[in-house]
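Colleague: Below is the structure, and that's it, no one-letter string:
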């Protein structure tokens, strides 16, 4: 690592500061190099912290090396080539001169490398010091008990000469009209915070830990006069003519803090000493069109609470306590583990709760209910609450509505310590058009596709990422890794995958452009999803990704090396739509729609499915899940109990939206909270108790999850009893393990003496009965179980006559060890 501020000249390897020729593209000149040795790792592989000049430490990031910009005399060509009269004298020596055009561009904010002009520059036995301090009355360099007053040179640029042969550890004393003197450090005496390897990886779009080098990072080093703490700011904006850092510490006037380009990478950078956590900031970007726009940091770790939209410097000090959970996750296979997911919108589960309060209340509730995972609707910062988080403006920042990033870490950590996994909704398909965010970030379509036929999503009025641009793909892939590595997230549920896969999604003829082969498949999006999944699964053992994909695209959960998209799971939207459509019919009419409940088994093993009853089914006039059911209130609750009990036994993992577990009556709205008062009624408490018992019995019955995606572990008993509205099937365990039979009756009358075939002779225990009185049912059941000793039936070895309750589902479990002989 390069050493800290020093009085020694820069090493021989420092590049020249020559101004690029007029034909050279903006930002193409060489930059001061790190004194760090060339990494031995192969190019393209991210290092721990990259090859930055900084090294990580606990607390503020420690670095040994933002060196002073001390150039050899031969390297001062940008100054000497101007051939103008010397200006700014101090101590009888001449200051190195700068061309007036350079100063004009510097003051105007469009000079590509302010560090070539500003800061200390070593000459022949003297150091020329230039400072940009608009509106200052006086500027004085203070060092070694010396005070050298600088002279005003040009529109806020101050210059002076220090009669020293090496750059001292100086500070600036600045006064303004009628104000006290302020002693500050000089941002322009520090080397870049990004190393050559970082820039190489960014240029190729393969920096898997992009958040460690871009954005705002608190850093510190030990210098001759003590520890210096500050913040490095870096942003990718390749088409910008200039960028200024504007923040609360400079009163939102960025003229004193222009940033420098880092070669041809498109990255702009500035380290500002004295700036720490809590600082609000934006990037003031002069676009290719010459228009200045204030933009939030795309890589910000924290943003202001909406409607404010500035980025906020954050420095994490959180210490994780979930090592046991992480170790277990890495050694397990999610496909062969129980997964019962509780989907939560944090802002309306209980109104007004913070991350820290949820770490107590939500964790306790989910634990009591027996869910194995929670799925959080998007927690990334979003300006409009009515978007529910699906129009993201700060992809790397948990929303500050409920606390800071460490508070969110506490919530995740608390869930893990309670053995509850955390899945987060993630939205790489599109982003909003807010002028202060990603849209036309550097005055050009940077993150979005430049062709509106590919770059806009007409359904939502949003912009679509340019999945073919390496740096944009890198932004999204690194973001997926970020949530898993920095916040220990166990899975990402990827929203609106279908809109990414098809170029003609929600577009009429003439509104879309075919791919290179004339098809409608978005090949760039396919490649991105494969890269994202492969990278995430490689870097974070045990993590999962779940696709919300509403079409029949093949191979969504097939491995990428076999040509699939590489997701771990896919939402079974077909099962959800068919089953809800069936249940909306009156029982007397259901026999004509019997196939809607059985068709899902025709494709149940084509993907690794999750059965979702999500927020999408209880909004936009669809009503609550309870009110989708026909009949009076008792029948509605009975229908819902029977439906959930059959769902928990159906192949696939389960997901249930908050409130559905106790029969929320009103349609969900993010503006309120759940109807918790319904739990004052015994019938709603009964439904809640059923869901709790379903989760417990589900986890205790390996046949329901151990081989969830193996077709040989499922068999219909009778899929065709449409006249009675009855469905029956068996879920097999491994040899020697329990087997489960499920019988569901969606008619309003009980069926007594109903014979079903069973694979084994012996005692079958009634494990769950959704019609039990404790759940609010009528109490029709089988007195705890029955003996299967009848003749072969339904193609199975044995049979029994049972009672099937009205609008009820019953589970029977066979224990091999209970069989005599």
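Modeller: Nice, I can see it. Source: prediction; values computed, not measured.

Colleague: mind giving me the domain ranges of the chain?
Modeller: 1-202, 213-307, 575-818 (automatic domain parsing).

Colleague: so which of those domains gets nearest residue 479?
Modeller: Residue 479 sits nearest to domain 213-307 of all these, at 9.0 Å, using C-beta to C-beta. For the C-beta atoms, the positions are set from N, CA and C on the backbone; glycine is no exception.

Colleague: which residues touch the closest residue to residue 307 other than its chain neighbours?
Modeller: Leaving out its chain neighbours, the residue that sits closest to residue 307 by C-beta to C-beta, 6 or more residues apart in numbering is residue 383, at 6.6 Å. Residues near residue 383 by C-beta atoms under 8 Å, 6 or more residues apart in numbering: 306, 307, 309, 391, 393, 432, 434, 437.

Colleague: Nearest to residue 115 among those?
Modeller: The shortest approach to residue 115 among these belongs to residue 437, at 28.4 Å (C-beta to C-beta).

Colleague: and that closest one, how many neighbours?
Modeller: Neighbours of residue 437 under the rule other C-beta atoms under 10 Å: 26.

Colleague: now do the one 5 residues further on
Modeller: Neighbourhood size, residue 442 [other C-beta under 10 Å]: 25.

Colleague: three-state assignment of it?
Modeller: Recorded secondary structure, residue 442: coil (DSSP: H, G, I helix; E, B strand; the rest coil).

Colleague: Grab the longest strand from the protein for me.
Modeller: Across the chain, the longest stretch assigned as strand under DSSP state E is strand 226-236.

Colleague: now for that strand, which elements pack on it?
Modeller: In terms of contacts (3 or more C-beta pairs under 8 Å, 6 or more residues apart in numbering; DSSP states H and E), strand 226-236 is packed against strand 215-223, strand 267-273, strand 280-286.

Colleague: after that strand comes which helix or strand?
Modeller: Remark: after strand 226-236, the chain's next helix or strand is strand 242-247, criterion DSSP states H and E.

Colleague: packing partners for the following helix or strand past that following strand?
Modeller: Going down the chain from strand 242-247, the next helix or strand is strand 260-261, by DSSP H and E. Here strand 260-261 touches strand 267-273, going by 3+ C-beta pairs under 8 Å, 6+ apart.

Colleague: Run the chain-centre distance for the strand it packs on.
Modeller: Centre-to-centre, strand 267-273 and its host chain are 25 Å apart (C-alpha atoms, centre = their mean, to the nearest Å).

Colleague: same thing with stretch 115-129?
Modeller: Counting by C-alpha atoms, centre = their mean, stretch 115-129 comes out at 44 Å from the chain centroid.

Colleague: quick check: mean pLDDT across the helix or strand where residue 480 lies?
Modeller: Element membership of residue 480, judged by DSSP H and E, is helix 470-486. Here helix 470-486 scores 98 as its mean pLDDT.

Colleague: Check stretch 193-201 too.
Modeller: Throughout stretch 193-201, pLDDT has a mean value of 95.

Colleague: Would you mark the buried spots in that stretch?
Modeller: Under the neighbour-count criterion of 16 or more other C-beta atoms under 10 Å, stretch 193-201 has 193, 194, 195, 196, 197, 198, 199, 200, 201 buried.

Colleague: same check, this time on stretch 182-194
Modeller: 184, 185, 186, 187, 188, 189, 190, 191, 192, 193, 194.

Colleague: Would you check how far apart the nearest residue to residue 586 once chain neighbours are set aside and residue 584 are?
Modeller: Counting by C-beta to C-beta, 6+ apart, residue 586 lies nearest to residue 630, which is 4.9 Å off, once chain neighbours are set aside. Note on residue 630: its distance to residue 584, by C-beta to C-beta, to the nearest Å, is 7 Å.

Colleague: hang on, the earlier thing: nearest to residue 207 among the buried residues of stretch 182-194?
Modeller: Nearest to residue 207 among these, with distances taken as C-beta to C-beta, is residue 194, at 10.1 Å.

Colleague: so that closest one sits in a strand?
Modeller: No: counting by three-state DSSP, residue 194 falls outside a strand, being coil.

Colleague: May I ask you to confirm that it is in contact with residue 234?
Modeller: Yes: using C-beta atoms under 8 Å, residue 194 makes contact with residue 234 at a distance of 6.1 Å.

Colleague: Which neighbours do the two have in common?
Modeller: Common contacts of residue 194 and residue 234, defined by C-beta under 8 Å, 6+ apart, comprise 213, 262, 267, 269.

Colleague: which pair in those spans the largest distance?
Modeller: Longest distance between any two of the shared contacts of residue 194 and residue 234 is 10.1 Å, between 213 and 262; criterion C-beta to C-beta.

Colleague: which element is residue 693 on?
Modeller: Going by DSSP H and E, residue 693 is in helix 682-700.

Colleague: That helix: which residues count as buried?
Modeller: By 16+ other C-beta under 10 Å, the buried positions in helix 682-700 come out as 683-691, 693-695, 697-699.

Colleague: who's more crowded, residue 630 and residue 584?
Modeller: residue 630 (17 against 14).

Colleague: Starting from the helix or strand that residue 611 is a member of, tell me which strands it pairs with and how they run.
Modeller: Assigned by DSSP H and E, residue 611 falls within strand 609-613. Using DSSP bridges, the strands paired with strand 609-613 in its sheet are strand 569-571 (parallel), strand 653-657 (parallel).

Colleague: would you turn those strands into TSV with mean pLDDT, distance to residue 497 and mean neighbour count?
Modeller: Formatted as TSV, the strands paired with strand 609-613 follow (pLDDT from 0 to 100; distance: least, C-beta to C-beta, whole Å; neighbours: other C-beta atoms under 10 Å):
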stretch	mean pLDDT	distance to residue 497	mean neighbour count
strand 569-571	98	8	25
strand 653-657	98	16	26
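
Colleague: Including distance to residue 512, could these go into a markdown table?
Modeller: Output for the strands paired with strand 609-613, formatted as a markdown table (distance: least, C-beta to C-beta, whole Å):
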| stretch | distance to residue 512 |
| --- | --- |
| strand 569-571 | 24 |
| strand 653-657 | 32 |
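
Colleague: Give me the pLDDT value at residue 94.
Modeller: pLDDT, residue 94: 80.

Colleague: Revised request: answer the last question for residue 459.
Modeller: With respect to pLDDT, residue 459 has a value of 89.

Colleague: Surely it is within a helix?
Modeller: No: applying three-state DSSP, one finds residue 459 to be coil, outside a helix.

Colleague: Please pull out the lowest mean pLDDT helix or strand from the chain.
Modeller: Every helix and strand of the chain was ranked by mean pLDDT, DSSP states H and E. The lowest is helix 77-80, at a mean of 33.

Colleague: Return the set of buried residues in the helix or strand harbouring residue 535.
Modeller: Counting by DSSP H and E, the element that carries residue 535 is helix 523-539. For helix 523-539, burial by neighbour count (16+ other C-beta under 10 Å) applies to 524-526, 528-533, 535-537, 539.

Colleague: Not counting the following helix or strand past that helix itself, show me its contacts.
Modeller: Remark: after helix 523-539, the chain's next helix or strand is strand 544-547, criterion DSSP H and E. With contacts defined as C-beta under 8 Å, 6+ apart, strand 544-547 is touched by 334, 423, 480, 490-494, 497, 532-533, 536-537, 556-557, 565-571, 610.
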